[in-house]
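*Asks:* I'd like to go over a predicted model; first the sequence, then the structure.
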Protein chains: 2
Amino acid sequence: MSDRVRIIEMGPRDGLQNEKSAISVEARIAFVQALVAAGLTTVEVGAFVSPKAIPQMASSDAVLRGVSHVKGAEFHVLVPNEKGYDAARAAGAKVVSVFAAASEGFSRANINCSVAESIERFKPVLARAKADGVKVRGYISCVLGCPFDGEIKPKAVADLAKTLWDLGCYEISLGDTIGVGTPGKAKAMLRAVSANIPVASLAMHFHDTYGQALANLYVGMEEGVRVIDSAAGGLGGCPYAPGATGNVATEDVVYMLEGMGIRTGIDMERLLAATNEISRLLGRPPVSRVATALNAKKKRASL
Amino acid sequence: MSDRVRIIEMGPRDGLQNEKSAISVEARIAFVQALVAAGLTTVEVGAFVSPKAIPQMASSDAVLRGVSHVKGAEFHVLVPNEKGYDAARAAGAKVVSVFAAASEGFSRANINCSVAESIERFKPVLARAKADGVKVRGYISCVLGCPFDGEIKPKAVADLAKTLWDLGCYEISLGDTIGVGTPGKAKAMLRAVSANIPVASLAMHFHDTYGQALANLYVGMEEGVRVIDSAAGGLGGCPYAPGATGNVATEDVVYMLEGMGIRTGIDMERLLAATNEISRLLGRPPVSRVATALNAKKKRASL
C-alpha cells in the first residue's frame, strides 16, 4: 500500500462554506497560499454559487484570480450550472467541479431538483468544458447515508458515478457528506463503484462527524483508491448537526499516510501554521486531533 | 468480521486518572453504574496506587465496594504491586490488572524501575492471584511508540507479552499509550505478538491522541483481535500533551462496530447520558466525535 496518495485540499471551499463567520477575500487568498506552501498541490479554492445561498463563498472569482500567480498547484472551483461555469472561466478556472447527490432527498434539499434534473443541468457544463479543454471533477454526496433518506444503496452510488464518468468527469469524488459511514459500508460502496469505473479515477471525500473517516479511508486504500479529499484543521462543520465535526482533517490524513510510509510531500509544521491562522480568524481551535495534539505539545514545551 | 467484540470500559480508571479534577467516590460509583446500565459488562473501576502519585484514584477501595452489588458486570482494578493487590483483595477484587511498559524510558519515568524489575514486582502478585483464584490482566504500555524512546520494535512488545502470558495473565492488553500508532505499525505489532500468544487473548488499548485509534482498531480486527479497551466520551487526556485527546471513545468504537454489523449490546443513548454526566462534573464537553455529533443533533432538534 506504499504507492503515492494524492490529497485534494478542501479547506478554502468545503471547509469555509459551512463556517458561521465569513472570511475576507484577502484571508482566503492567504489561506490558499499557506496551504500550497505546506505542499498541497491541489486546492479547491471557491464555489461559483449564489452568494445569497452561501455568503461564505462570495467573491470566489477574486480568490481564484488572487492565487493565479501561485506556481506548482492546481486550483479547483465548484460550479453548480452553466452560469457558474461562465463566471469561473472568466476568472481563469482550469478545473471545475460539479456535484450531484446519491439520494433524492438530499438533492431536493440542497439544490432543489431531482438527481436526474441535476444531471441535465451539468450536461451543458460538461459539453462546454470539453470544448474548452477544462477538466471536470464530479462530486457525489451522501454516498454512505443521507440525512433525509437514511441508508443509500451502493448501486445508487455506482449508477450515478457511471453517469458522471460517461459524461466526461475525469475523477469521481465520493462524499460521505454527513460522516455516517463505517468501514464495511465504505468497502461495499467502493467495490460497487469500482465495478463501473476505474478505481484510479475515484476519490474519497469522507467527513469525520462520527469519527469514522480515517478507518473508512484505510479500507478505501485497501480497495485501491489513492485520492483523498480533506480539509486543513478538519474545517467545515455539519449543517445537519451544528457544532459537530466536518471534513476529515488534512493533518490527521497526512499523519496516517506518513506513518504508513506513504510520502505525501506535505510539511506538517507549515500545514499546522495554515490551520492555526484560519482557526484564529474563525475564533475557535481546530478540531483535528493531530493539530490539537501538536498544539498541546508546543504549548507544554513553551512553558 | 461479524463475530462479537468485547469492550472493556476504561472511563472510571484510565479515563479519570489523567483528568485534572478529581471526582468524588459517589460520582465515580454513579458513573460505573451508568456504564453498566448502558450495557458495558466489563469496567475497570479504579487503581490501588499511591494517592499521592495519582490523587484521582484515591479511595478506589470505596468505589469497588460501592459497586459490589451491581449484577451482570465484571469489575477490574489496577494493582502495581503486592501491597496494591492486598488492598484490592480486601475490597473484594476478583480481577486485577498489572502493567509493564514496552520501553525502558517509559518504565523508568512511570514506575521508576526497569522493565525487568517491573516483571519481578508482578511475580508475587501473579503467584498470589493464582492461589486465590483471581484473574490477572496484563497491560503493556507504549506498544506503538514511547515519548522517551521513540519507535518501539514489535519484537520488544511480543517478548514482553509472552513473559506476561507465561506468568499467567489471561489476557494481554496492548496499549498505544500516547496514540502515535498508524495502521501499518499496528498490524506489524499485532502480528509479532500473536505469533507468541493466541490472538483470542489479546486486547487493543489504543489512545486517540492523533486520531488514529479507529483505523488501528480496524486493522487489529482484520488480524483477529476481538477485545477493545475504550473510555466513555474519550476521557483521559494525555500527560505528555495536556489538552490532547485520551482513550479512544467508547461511543466512537460502538458506532463503528454496530455500523459493521457487530452487535455490542451497548445502548448508545444510555452511554451518552453517562458520558454527558461525567463531562458535566469535569466541566468540559466530551471529545468523542459521536458524542459531539449526537449532542449537536439533540440541541438542534430541541431548538
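*Replies:* Now that the structure is in, tell me what you want to look at. Residues are numbered from 1 along each chain as shown, chains lettered A, B, ... in the order given.

*Asks:* report the buried residues of whichever helix or strand residue A:8 is part of.
*Replies:* Element membership for residue A:8 (DSSP states H and E) is strand A:6-9. Neighbour counts over strand A:6-9 (16 or more other Cβ atoms under 10 Å in any protein chain shown) mark A:7, A:8, A:9 as buried. Bear in mind the C-beta positions are built from the backbone N, C-alpha and C, glycine included.

*Asks:* cool, and stretch A:225-242?
*Replies:* A:225-241.

*Asks:* which of these fall within strands?
*Replies:* Judged by DSSP state E, the buried residues of stretch A:225-242 include A:227, A:228, A:229, A:230 as members of strands.

*Asks:* contacts only, for the last one.
*Replies:* Contact partners of residue A:230, counting by Cβ atoms under 8 Å, 6 or more residues apart in numbering or on different chains, are A:7, A:8, A:9, A:10, A:247, A:248, A:249, A:250, A:252, A:253.

*Asks:* contacting residues around the strand holding residue A:8?
*Replies:* Against strand A:6-9 from outside (Cβ under 8 Å, 6+ apart): A:35, A:40, A:42-44, A:76, A:173, A:203, A:226-232, A:250, A:253-254, A:264, A:266.

*Asks:* next SSE downstream of that strand?
*Replies:* helix A:16-17.

*Asks:* and that following helix, how far out from the chain middle?
*Replies:* On the basis of Cα atoms, centre = their mean, to the nearest Å, helix A:16-17 sits 11 Å off its chain's mean C-alpha point.

*Asks:* output the contacting helices and strands for that helix.
*Replies:* With contacts defined as 3 or more Cβ pairs under 8 Å, 6 or more residues apart in numbering or on different chains; DSSP states H and E, helix A:16-17 has no helix or strand neighbours.

*Asks:* chain center to stretch A:229-239, what's the gap?
*Replies:* 8 Å.

*Asks:* try stretch A:225-235
*Replies:* 6 Å.

*Asks:* could you give the mean pLDDT of it?
*Replies:* For stretch A:225-235, the mean pLDDT works out to 98.

*Asks:* what do you get for stretch A:121-138?
*Replies:* In this model, stretch A:121-138 has a mean pLDDT of 96.

*Asks:* list the contacts of the helix or strand bottoming out on mean pLDDT in chain A.
*Replies:* Ranking every helix and strand in chain A by mean pLDDT, DSSP states H and E puts helix A:104-111 at the bottom, with a mean of 90. Under the criterion Cβ under 8 Å, 6+ apart, residues A:80, A:99-101, A:113-115, A:118, A:141-142, A:146-149, A:177 lie in contact with helix A:104-111.

*Asks:* please tell me how far the nearest residue to residue A:180 once chain neighbours are set aside sits from residue A:116.
*Replies:* Counting by Cβ to Cβ, 6 or more residues apart in numbering or on different chains, residue A:145 is the residue found nearest to residue A:180 once chain neighbours are left out, at 3.9 Å. According to Cβ to Cβ, to the nearest Å, residue A:145 and residue A:116 sit 21 Å apart.

*Asks:* compare these two (neighbour count), which wins?
*Replies:* Set side by side, residue A:145 and residue A:116 show more neighbours around residue A:145, with 22 against 12, by other Cβ atoms under 10 Å in any protein chain shown.

*Asks:* how about the residues of the stretch 201-303 of chain A by chain B?
*Replies:* The stretch 201-303 of chain A comes close to chain B at residues A:208-212, A:214-215, A:217-219, A:238, A:240-245, A:249, A:252, A:255-256, A:258-261, A:288-290, A:292-293, A:295-297, A:299-300, as judged by Cβ under 8 Å from any Cβ of the partner chain.

*Asks:* hmm, which of the residues you listed are the buried ones?
*Replies:* A:208-212, A:214-215, A:217-219, A:238, A:240-241, A:244-245, A:249, A:252, A:255-256, A:259-260, A:288-290, A:292-293, A:295-297.

*Asks:* may I have the predicted confidence score for residue A:173?
*Replies:* According to the model, residue A:173 scores 98 on pLDDT.

*Asks:* which element, helix or strand, includes it?
*Replies:* Per DSSP H and E: strand A:171-176 holds residue A:173.

*Asks:* for the helix or strand hosting residue A:31, name the packing helices and strands.
*Replies:* In this structure, residue A:31 sits in helix A:25-37 according to DSSP H and E. Applying 3+ Cβ pairs under 8 Å, 6+ apart, we find helix A:25-37 packed against strand A:42-47, helix A:60-66, helix A:268-282.

*Asks:* quick one: the second one to chain centroid distance?
*Replies:* Pointing back at helix A:60-66 there. 18 Å.

*Asks:* which SSE is immediately downstream of it?
*Replies:* Using DSSP H and E, the next helix or strand after helix A:60-66 towards the C-terminus is strand A:74-78.

*Asks:* so, low pLDDT: which residues of the stretch 1-150 of chain A?
*Replies:* Scanning the stretch 1-150 of chain A for pLDDT under 70 picks out the ranges A:1-2.

*Asks:* before we move on, what about the stretch 151-300 of chain A?
*Replies:* Short version for the stretch 151-300 of chain A, where the test is pLDDT under 70: none.

*Asks:* ranges for the helices of it?
*Replies:* Remark: helices assigned in the stretch 151-300 of chain A by DSSP state H, counting those that start in this stretch are A:154-166, A:183-194, A:213-222, A:250-259, A:268-282, A:289-301.

*Asks:* angle of the third one against helix B:183-194?
*Replies:* For helix A:213-222 against helix B:183-194, the angle by axes from the mean of the first three to the mean of the last three Cα atoms, to 10 degrees is 80 degrees.

*Asks:* just the CA trace of stretch A:48-68, in PDB.
*Replies:* What follows is stretch A:48-68, C-alpha atoms only, in PDB (Å, rounded to 0.1, in the frame of the first residue of the first chain):
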ATOM      1  CA  PHE A  48     -19.400  30.000  -8.000                       C
ATOM      2  CA  VAL A  49     -22.800  29.600  -6.300                       C
ATOM      3  CA  SER A  50     -25.300  32.200  -5.200                       C
ATOM      4  CA  PRO A  51     -23.800  34.500  -2.600                       C
ATOM      5  CA  LYS A  52     -27.300  34.700  -1.100                       C
ATOM      6  CA  ALA A  53     -27.400  31.000  -0.500                       C
ATOM      7  CA  ILE A  54     -23.700  30.600   0.600                       C
ATOM      8  CA  PRO A  55     -22.300  34.000   1.500                       C
ATOM      9  CA  GLN A  56     -19.100  32.400   2.700                       C
ATOM     10  CA  MET A  57     -18.200  31.700  -1.000                       C
ATOM     11  CA  ALA A  58     -19.000  35.200  -2.300                       C
ATOM     12  CA  SER A  59     -16.200  36.700  -4.400                       C
ATOM     13  CA  SER A  60     -14.700  33.300  -5.300                       C
ATOM     14  CA  ASP A  61     -13.700  34.900  -8.500                       C
ATOM     15  CA  ALA A  62     -11.500  37.300  -6.600                       C
ATOM     16  CA  VAL A  63     -10.000  34.400  -4.700                       C
ATOM     17  CA  LEU A  64      -9.200  32.400  -7.800                       C
ATOM     18  CA  ARG A  65      -7.700  35.500  -9.500                       C
ATOM     19  CA  GLY A  66      -5.800  36.200  -6.300                       C
ATOM     20  CA  VAL A  67      -4.000  32.900  -6.400                       C
ATOM     21  CA  SER A  68      -3.500  32.800 -10.200                       C
END
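
*Asks:* appreciated, that's everything.
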